[in-house]
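Novice: fold the following, please.
(one chain, ligands or ions: 3)
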Amino acid sequence: MRKIKLISVVLGICLILGLVGCGTTTSSSGSSSSEDSDSSSTSVTLTGTIASGTLGTSSLNQNLKPLAATDYTIVVVDNDSNKIYNTTANAEGEFSLDVPTDGTYLVSIINDGSYLGPTVFDGEGTEVNTAITPSANADLGAITVDSTNGYAQTATTPADVATSITSEATNGKPLGAGNDGKTENSGVTNRTDSDKDKDGIPNLFDADEDNDGIRNGVASAASSTEVVSDYVESVYMSSNIWADHNTTEGAEDLIALRLHVVPVAGQESMIASVACTSVPSSIASVATVRYADSLGSPTGYPAENSLWQTASYGLYETTTLASDQWIISICPKAIMNVGDTFTIRVTYTDATYEDFFVTTAYVLTDWAKITEYNSTAMPVEGTKTDPVTYSSDTLEITFSKPLDEDGDVLAGLSYSVIYGVSTLDGSIYLVPGSSTESSVTDTGSDTLSYTITTTANATYYVTPVAESADGQRNGEETWFTRQ
Ligand SMILES: [Ca+2]
Ligand SMILES: [Ca+2]
Ligand SMILES: [Ca+2]
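Specialist: Numbers count the residues shown, from 1 in each chain. Ligands and ions are numbered 1, 2, ... in the order given. As a prediction, this is how the structure comes out:
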């Protein structure tokens, strides 16, 4: 009897807003649980060797060489249950992973905190096979990983290739390879598989799992948000950006990115510790710890502004929230990328653990900002120390939408405007303790407008807000004084 550890993954998407963020956050999925299984009858062992090379050439094997680098993680998704199994290759690129017999599995590679791509087992041209159904121990042999093209391929076709699980491809390259699945492909009919839009990228890591042009988590929760675990209810990322008008800081310095691990109610005491075993290389050495009262006074929380790396990328149990969770809030301090992936390990009191993955589905590079008021371009004035002055009865604001990593409007967000009368504290106008938030219908235009009825001799706090389904909010805070 061997113990098989199922691992769960979560895909997050991060969000972030723009921040660089990420984009989405999300959460995840996954599965898992630590269960005892009789490996002799219910599991098979997958082995193989990760090697670097260039795919899509006739001399596939000529460039093969074992990867000396560690931190290549092999993530196997069960196409029926979406359960996740993972392991990390050794310095020679070798890996071994036990999975239940006769499951159908998609195999992905993560390297250095970023989703690298799926594995192709057979096929060429416009359709390739991206899954295996091993009925016995299977040596997948050399798996060439092409980080430039964003996918991997076995040197030979495994005997147990799942011929029914295919991905649309171009010259043998899955359509989602190299773009984290975010490219919208025409002529695709979705299915119910773990790669529902047939671009080769498992839903768990696909920035747009249903190929509708809207990133995971923006308009609705990703399918991978549900975690299957005896002890963990959900794992997700959240973020927001509240920017000062005319700030010179970039999104990477403004974003507040939180990772959350929520235990199953009543199972809190089973969790011994939570920490990331892998974080995106873009932020690993520079991200700093944020603090806010809303974090719930976590036990042992690191010092504000300290490097998260110094705290070994830990998450901390809250003590004052309605229900406890493990949490960390960070400032990325560097631009993140779509596909950036956090591996979050939850270690239990019996020393077993489960891993969950949270992946960035979009990165915000701009946030909701007022561009005009009463048909006048927004000036440099408008800050808490220097409000814009106007004299009409109403204040009509026009605001821009957040942009993604490609400089395009991030589709699918919902919009609102927060406003309220601000009071002066010394030389600074405050964010009002009581305010109104009104939704704004998205007309489809690049900018949206909203009109506020105002009274004379009052100063207003006005912030346009862009919000995603998974709770990311961002906007620029401005102040207006009606004379
Ligand atoms: Ca996709
Ligand atoms: Ca996909
Ligand atoms: Ca979508």
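
Novice: who's in contact with the helix or strand containing residue 276?
Specialist: Element membership for residue 276, per DSSP states H and E: strand 271-278. The set of residues that contact strand 271-278 without belonging to it, under C-beta atoms under 8 Å, 6 or more residues apart in numbering, is 71, 73, 110, 112-113, 231, 259, 261, 263, 312-317, 326, 341-349, 351, 355. For glycine as for every other residue, the C-beta is placed from the backbone atoms N, C-alpha and C.

Novice: quick one, which of these are buried?
Specialist: 73, 110, 112-113, 231, 259, 261, 263, 313-317, 326, 341-346, 348, 355 (16 or more other C-beta atoms under 10 Å).

Novice: for the residue of the chain found nearest ligand 1, give me its contacts.
Specialist: Closest contact between the chain and ligand 1, by C-beta to the ion, is at residue 181 (3.3 Å). Residues near residue 181 by C-beta under 8 Å, 6+ apart: 197, 199, 200, 201, 205, 206, 207, 208, 209.

Novice: return the member of these nearest to residue 335.
Specialist: Among the contacts of residue 181, residue 207 lies closest to residue 335 (C-beta to C-beta), at 16.2 Å.

Novice: the closest one: what's it in contact with?
Specialist: Here residue 207 is in contact with 13, 24, 179-182, 201, 215-216, 338-339, 359-362 (C-beta under 8 Å, 6+ apart).

Novice: now swap in residue 400 and tell me
Specialist: Residue 400 neighbours (C-beta under 8 Å, 6+ apart): 366, 368, 369, 371, 446, 447.

Novice: in ChimeraX, how would I select the buried members of those?
Specialist: To isolate the buried members of these in ChimeraX, using 16+ other C-beta under 10 Å:
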select :366,368,369,447
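
Novice: can you put the contacts of residue 400 in TSV and add secondary structure?
Specialist: Below are those laid out as TSV (DSSP: H, G, I helix; E, B strand; the rest coil):
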residue	secondary structure
366	strand
368	coil
369	strand
371	strand
446	coil
447	strand
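
Novice: go through the contacts of residue 400 and name the one nearest ligand 2.
Specialist: Closest to ligand 2, out of all of those and judged by C-beta to the ion, is residue 366, at 27.1 Å.

Novice: who's the closest one bridged to?
Specialist: Going by DSSP bridges, residue 366 is paired in beta bridges with residue 403.

Novice: how much space separates it from residue 419?
Specialist: Going from residue 366 to residue 419 by C-beta to C-beta, to the nearest Å gives 21 Å.

Novice: residue 185 too?
Specialist: Distance of residue 185 to residue 419, given as C-beta to C-beta: 41 Å.

Novice: who's more crowded, the two?
Specialist: Neighbour count, other C-beta atoms under 10 Å: between residue 185 and residue 419, residue 419 has more, with 22 against 16.

Novice: once you drop chain neighbours, what's closest to that one?
Specialist: The shortest distance from residue 419 to any non-neighbouring residue, by C-beta to C-beta, 6 or more residues apart in numbering, is to residue 462 (4.7 Å).

Novice: so which bits of the helix or strand encompassing the one you found are buried?
Specialist: Here residue 462, judged by DSSP H and E, is contained in strand 458-467. Across strand 458-467, burial judged by 16+ other C-beta under 10 Å covers 459, 460, 461, 462, 463, 464, 465, 466, 467.

Novice: so how far is it off the chain centroid?
Specialist: Mean-position distance between strand 458-467 and its chain equals 28 Å (C-alpha atoms, centre = their mean, to the nearest Å).

Novice: so which elements touch that strand?
Specialist: Contacts defined by 3 or more C-beta pairs under 8 Å, 6 or more residues apart in numbering; DSSP states H and E place strand 458-467 against strand 369-373, strand 394-400, strand 414-421, strand 447-453, strand 473-482.

Novice: check contacts around residue 198.
Specialist: 166, 167, 168, 175, 188, 190, 191.

Novice: identify the bridge partners of the residue nearest to it when sequence neighbours are not counted.
Specialist: Nearest residue to residue 198, sequence neighbours excluded (C-beta to C-beta, 6+ apart): residue 168, at 5.1 Å. Bridge pairing for residue 168 (DSSP bridges) gives the partners residue 127.

Novice: for residue 87, same thing?
Specialist: Under the criterion used (DSSP bridges), residue 87 bridges to residue 74.

Novice: who are the contact partners of it?
Specialist: So residue 87 contacts 73, 74, 95, 96, 97 (C-beta under 8 Å, 6+ apart).

Novice: any idea how far the second one is from ligand 2?
Specialist: Separation of residue 74 from ligand 2 (C-beta to the ion, to the nearest Å) stands at 18 Å.

Novice: okay, buried residues for the lengthiest strand in the chain please.
Specialist: The residue-count maximum for a strand in the chain (DSSP state E) belongs to strand 232-244. Neighbour-count burial for strand 232-244, counted by 16+ other C-beta under 10 Å, picks out 232, 234, 235, 236, 237, 238, 239, 240, 241, 242, 243.

Novice: also stretch 85-95?
Specialist: Quick answer for stretch 85-95 (16+ other C-beta under 10 Å): 85, 86, 87, 88, 89, 93, 95.

Novice: okay if I get those as a markdown table plus distance to ligand 1?
Specialist: Below are the buried residues of stretch 85-95 laid out as a markdown table (distance: C-beta to the ion, whole Å):
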| residue | distance to ligand 1 |
| --- | --- |
| 85 | 22 |
| 86 | 21 |
| 87 | 25 |
| 88 | 26 |
| 89 | 26 |
| 93 | 28 |
| 95 | 26 |
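
Novice: need the max-distance pair from those.
Specialist: Every pair of those checked by C-beta to C-beta; the farthest is 85 and 93, at 18.4 Å.

Novice: hmm, back to that, could I get the buried residues of strand 458-467 as a markdown table with distance to residue 393?
Specialist: Putting the buried residues of strand 458-467 into a markdown table (distance: C-beta to C-beta, whole Å) gives the following:
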| residue | distance to residue 393 |
| --- | --- |
| 459 | 16 |
| 460 | 13 |
| 461 | 18 |
| 462 | 15 |
| 463 | 21 |
| 464 | 21 |
| 465 | 24 |
| 466 | 28 |
| 467 | 29 |
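
Novice: circling back to that earlier point, of the buried residues of strand 232-244, closest to residue 221?
Specialist: Of all the buried residues of strand 232-244, residue 236 has the smallest distance to residue 221: 9.2 Å, by C-beta to C-beta.

Novice: which residues sit against stretch 162-173?
Specialist: The contact list for stretch 162-173 (C-beta under 8 Å, 6+ apart) reads 55-56, 79, 104, 106, 118, 120, 122-133, 149, 151, 153, 174-176, 185, 188, 193, 195, 198-200.

Novice: right, I'll leave it there.
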